[in-house]
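# 3D, please:
(one chain, ligands or ions: 1)
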Amino acid sequence: MNCPHCGGTLALDDMTRPNCPFCGQVLPHHARAAEHQVLINKMLAQQIGAQYPGTPPGNIPQVGYGYGAGMNNLQQFQQFHVDQGFKRARNMTVIMLVVSLVFFLVIFGAVGLVLLLL
Ligand SMILES: [Zn+2]
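Okay, the predicted model is just below:
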C-alpha cells in the first residue's frame with residue numbers, strides 16, 4: 001500500500017502505526033478506526049450515563065480509549081456489567097428473602113400479641 005498523502009511505499013509494519021513514516025500524516029484506515037472509537041465511546045457514554053442517572057458526566061465511569069483496543073475493552077466492559085448484573089440479582093434475592101422473613105415475623109408477632117390481649 002502507498003501513502004495517500006505522499007505516495008510513499010508502506011510496509012506492513014508501517015501500516016500498524018497511525019502515522020505515515022515519510023510525511024507524518026495520519027493514515028486513512030487509522031483515521032477511520034479513530035472515528036469509530038469516538039463513536040463507540042460516545043454511544044457507551046450515553047448508555048453508561050443512562051445507567052447512572054443523576055451522575056455528573058465527569059464522574060461516569062469511562063471506557064478506555066486507544067487504537068485497536070476498543071472492541072476488546074467493549075467486551076470486557078460488557079462482561080463486567082453482566083457479572084455485576086448477576087451479583088445484583090443475587091443480592092436482590094437475599095434482600096427479598098430477609099424482607100419477607102421480617103414481614104412474616106412482624107405479622108405473626110402482631111397476631112400473637114392480639115391473641116394474647118384477647
Ligand atoms: Zn505519507
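# near the ion, which residues of this protein?
3, 5-6, 8, 20, 22-23 (CB under 5 Å from the ion). All C-beta spots, glycine's among them, are computed from the backbone N, C-alpha and C.
# let me know the pLDDT of the residue of the chain most remote from its centre.
Distance from the C-alpha centroid of the chain peaks at L118, with 59.3 Å (CA atoms, centre = their mean). pLDDT recorded at L118 is 77.
# what's the distance between it and the ion?
Distance from L118 to the ion, counting by CB to the ion, to the nearest Å: 95 Å.
# list the helices and strands the longest helix along the chain packs on?
Using DSSP state H, we find that the single longest helix of the chain is helix 70-117. Helix 70-117 sits against helix 28-51, with contacts defined as 3 or more CB pairs under 8 Å, 6 or more residues apart in numbering; DSSP states H and E.
# any regions of this structure where pLDDT drops low?
Low-confidence segments of the chain, defined by pLDDT under 70: 55-78.
# domains of it?
The chain breaks down by automatic domain parsing into domains covering 1-68, 81-118.
# quick revisit: pull out the buried residues from the residues of the chain next to the ion.
3, 20 (16 or more other CB atoms under 10 Å).
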